[in-house]
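A.B. asks: Quick one: sequence and predicted model below, then my questions.
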Amino acid sequence: MKNTFYLFLLLLIFCCASCEKENPADFRIIDAATKAGIPNATVALFEKESNGFVSPPSRTLVEIVETDEEGVYNFTYSLSGDRTYDVSVDADTYWQSTWNSYPRSPTIEMDPEGYVKVKMRKVDTTEYAKISINTASVSLGNIQFSGNEIDTVFTDTYRGGKSLNFTWWIAINEVKERTIGEDIYFPPHDTTTFEIIF
């Protein structure tokens, strides 16, 4: 009976120790589409301090590291139990990501970039036309092209692996002719090309 008690106690200590131990493999930066690790990503750890109920908490940069070939990262900074932390991640061809619940969620997903190339051409050059395009893009927003002759191309960057709705309005001689919408899928790290001919 005594041996059983000691065996149970030893097993309990072992379980507690293994539960508290952090698994380094969990501390990864991964591609949100493929779930593969992202190498050479820059991971910045910020310590947050509350400034009261009115002001947002201040952030202090405490450490910057890079991920290895498998997307694994490791901070050496000792976390304090009475503070909260943010992690910001940058990587080429990915959208920047900020994680507010570090270290509870040490694996961070990043959205890959996807690209669109839009070719526009007005076939009938006898009438004045205006085309307005809602690209749903942070960088481009709503863009317009006008004239009797329109033959142009624009490109933009979106979150890869997702779809967005492009909507455009065409006006001929200041009279709105039609509104057209199309869902466009942006493959990760690739370019979608489509044409608007009117």
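C.D. replies: Okay, I see it.

A.B. asks: Strands along the chain, start to end?
C.D. replies: With DSSP state E as the criterion, the chain has strands at 29-31, 42-51, 55-66, 84-90, 97-102, 108-110, 113-121, 129-134, 142-147, 151-159, 162-172, 175-186, 191-197.

A.B. asks: Can you say which of those is nearest to Asn74?
C.D. replies: Nearest to Asn74 among those is strand 55-66; the distance by Cβ to Cβ comes to 6.6 Å. For glycine as for every other residue, the C-beta is placed from the backbone atoms N, C-alpha and C.

A.B. asks: How about residues contacting that closest one?
C.D. replies: For strand 55-66, the surrounding residues in contact (Cβ atoms under 8 Å, 6 or more residues apart in numbering) are 40-51, 73-77, 84, 86.

A.B. asks: Apply 10 Å and report the result again.
C.D. replies: Applying Cβ atoms under 10 Å, 6 or more residues apart in numbering, the contact partners of strand 55-66 are 27, 29, 39-51, 73-79, 83-86, 88, 90-91.

A.B. asks: Correct me if wrong: Lys117 contacts Thr192.
C.D. replies: Yes - between Lys117 and Thr192 there is a contact under Cβ atoms under 10 Å: 7.3 Å.

A.B. asks: Poorly predicted segments of this structure, please.
C.D. replies: Counting by pLDDT under 70, the chain shows low-confidence ranges at 1-25, 51-55, 138.

A.B. asks: which outside residues touch stretch 130-142?
C.D. replies: Counting by Cβ under 10 Å, 6+ apart, 116, 118, 120, 122, 143-147, 150, 152, 154-158, 164-174, 176-177, 179-181, 184, 196, 198 sit against stretch 130-142.

A.B. asks: Can you tell me who Thr191 pairs with across the strands?
C.D. replies: Tyr115 (DSSP bridges).

A.B. asks: Contact partners for the nearest residue in space to Thr107 that is not next to it in sequence?
C.D. replies: Take Thr107 and drop its neighbours on the chain: the residue closest to it by Cβ to Cβ, 6 or more residues apart in numbering is Arg28, 5.0 Å away. By Cβ under 10 Å, 6+ apart, Arg28 lies in contact with 35-38, 41, 67-68, 70-73, 106-109.

A.B. asks: Quickly list what Arg28 is bridged to.
C.D. replies: In this entry, Arg28 is beta-bridged to Val72, by DSSP bridges.

A.B. asks: same question, Trp99
C.D. replies: Counting by DSSP bridges, Trp99 is bridged to Val87.

A.B. asks: and if you look at the one 10 residues further on?
C.D. replies: Beta bridges link Glu109 to Ile30, judged by DSSP bridges.

A.B. asks: wait, it sits on Ala33?
C.D. replies: Yes - the pair Glu109 and Ala33 passes the contact test of Cβ under 10 Å, sitting 9.0 Å apart.

A.B. asks: what sits in contact with each of the two?
C.D. replies: Residues touching both Glu109 and Ala33 by Cβ under 10 Å, 6+ apart: none at all.
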